[in-house]
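Asker: Quick one, fold the following:
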Amino acid sequence: MIRFLIRRLALGVVVMWLITVAVFALFFIAPNDVARTLAGRQATPEVVASIQARLGLDQPLWRQYLDFVGNALHGNLGYDYYHGVPVTTIIAAALPITLSLAIGASVIWLLLGVSTGIVSAVKPRSIADRGLTVFALFFYSMPTFLLGLLLLLYLYFYLTLAGYSWFPPGGYVPLSQGVMPWAQHLILPWLTLALVLAATYTRLMRGSMLDVLGEDYIRTARAKGIRESRVIGRHAVRSALTPVVTQFGIDLGQLVGGVVVTETVFSLPGLGKTAIDAIGQQDFPVIIGIVLFASAAVVVANILVDIGYAVLDPRVRLH
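Answerer: Numbering: from 1, shown residues only. Below is the predicted model of the structure:
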């Protein structure tokens, strides 16, 4: 297990190194005037000159790259000259919003997707299976922005006109102001993400469960007289969760990096919307910082997924 963790961590380090090389080449080598690019379109000559001095752009490229990586390792992702604050301040303000959205939605889509997938697999070709299949295909084909707008139309606009102000149109309330206001402002974004992603997990869990239920050890457990509920819950579900964990790690890692469409539809100033605003303003330091942070989130999520294999499926051995 220790050797496996070391190999996975080493691979993660290599991936992050390649990402830093790509980002550095894109923003520090490709532009003709790096300082002007990082300062933005409205920067004065004095600001451009200060950026050149601060970043040591008169140094050799290898020295600039080492400074770039060294600053990132120490938590310094650069300075946002557009707003006059460090990039880490921008990310720290947006991260709680994205985490609230990603974690809340992931709980809903896991419970919904896994449970419906199990029901479909246990009762294949039944009315329940066919109904859940239609449900999964419907939401799987639904664009996220369209589902978000439909939820706003029916659960906010029409209900508000009818005198039921249960759901706000968007925005974010910090958890420090109370759990109920926090959840109330996030319930529609949670449902938007969860219903679309749960459809994938329903089909994934159903296929995995059907494969596991045909294994020899499942037939052996049934031949020994073990209760069907115990066979399903203790043996089949645990092994069938392996591909679900893989997909969950990928999805959650990507969501932590920013949920662009959902955050834009519901006016949530998370990492995704912050990145879109930075692109529109050509605020390159913020773009660089979010790219590095999102990449690290995906790498860490994939390492945790590999570790979860050994916990969920006893047939998996990590050497």
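
Asker: what's around L95, how many residues?
Answerer: 19 (other C-beta atoms under 10 Å). For the C-beta atoms, the positions are set from N, CA and C on the backbone; glycine is no exception.

Asker: likewise the one 5 residues further on?
Answerer: By the other C-beta under 10 Å criterion, the neighbourhood of S100 contains 22 residues.

Asker: Can you check the pLDDT for it?
Answerer: Note for S100: predicted pLDDT of 91.

Asker: For V85, see how far away the nearest residue to it once chain neighbours are set aside is.
Answerer: Sequence neighbours aside, L186 is the residue nearest to S100 in space, at 6.0 Å (criterion: C-beta to C-beta, 6 or more residues apart in numbering). Taking C-beta to C-beta, to the nearest Å as the measure, L186 falls 26 Å from V85.

Asker: Quick check on the residue nearest to S100: phi, psi?
Answerer: phi -110, psi -10 (degrees, to the nearest 10).

Asker: Contacts only, for it.
Answerer: 100-101, 104, 172 (C-beta atoms under 8 Å, 6 or more residues apart in numbering).

Asker: Give me the contacts around the helix or strand hosting L146.
Answerer: Assigned by DSSP states H and E, L146 belongs to helix 144-151. Contact partners of helix 144-151, identified using C-beta under 8 Å, 6+ apart, comprise 139, 188-189, 191-193, 195-196, 261-262, 264-266.

Asker: Can you get me a residue count around the residue lying closest to S165 once chain neighbours are set aside?
Answerer: With sequence-adjacent residues excluded and distances taken as C-beta to C-beta, 6+ apart, S165 is closest to L159, at 7.4 Å. Neighbour count for L159, taken as other C-beta under 10 Å: 14.

Asker: Tell me how far the helix or strand where L159 lies lies from the chain's centre.
Answerer: Assigning secondary structure by DSSP H and E places L159 in helix 159-161. For helix 159-161, the separation from the chain centroid amounts to 32 Å (computed by C-alpha atoms, centre = their mean, to the nearest Å).

Asker: same question for that helix, mean pLDDT?
Answerer: The model assigns helix 159-161 a mean pLDDT of 86.

Asker: any residues touching it, and which ones?
Answerer: Outside helix 159-161, the residues that reach it (C-beta under 8 Å, 6+ apart) are 165-167.

Asker: Where is pLDDT lowest across those residues?
Answerer: Scoring the contacts of helix 159-161 by pLDDT puts S165 last, at 80.

Asker: In three-state terms, label that one for me.
Answerer: coil (DSSP: H, G, I helix; E, B strand; the rest coil).

Asker: Go through the contacts of L186 and name the one nearest P243.
Answerer: The closest of the contacts of L186 to P243 turns out to be G104 (C-beta to C-beta; 23.3 Å).

Asker: and the closest one, how many neighbours?
Answerer: 19.

Asker: That one should be in a helix, yeah?
Answerer: Yes: under three-state DSSP, G104 falls within a helix.

Asker: show me what contacts the residue nearest to it when sequence neighbours are not counted?
Answerer: If the residues on either side of it in the chain are set aside, G104 comes closest to W190, at 4.7 Å by C-beta to C-beta, 6+ apart. Taking C-beta under 8 Å, 6+ apart as the criterion, W190 is in contact with 101, 104-105, 108.

Asker: And these, which is closest to V119?
Answerer: Among the contacts of W190, and counting by C-beta to C-beta, the member closest to V119 is I108, at 16.8 Å.

Asker: so what's the closest one closest to, chain neighbours aside?
Answerer: A194 (3.7 Å).

Asker: follow-up on the earlier one: following the helix or strand harbouring the residue nearest to G104, which helix or strand shows up next?
Answerer: Assigned by DSSP H and E, W190 belongs to helix 179-213. As assigned by DSSP H and E, the chain's next helix or strand after helix 179-213 is helix 216-223.

Asker: pLDDT averaged over that next one - what is it?
Answerer: 79.
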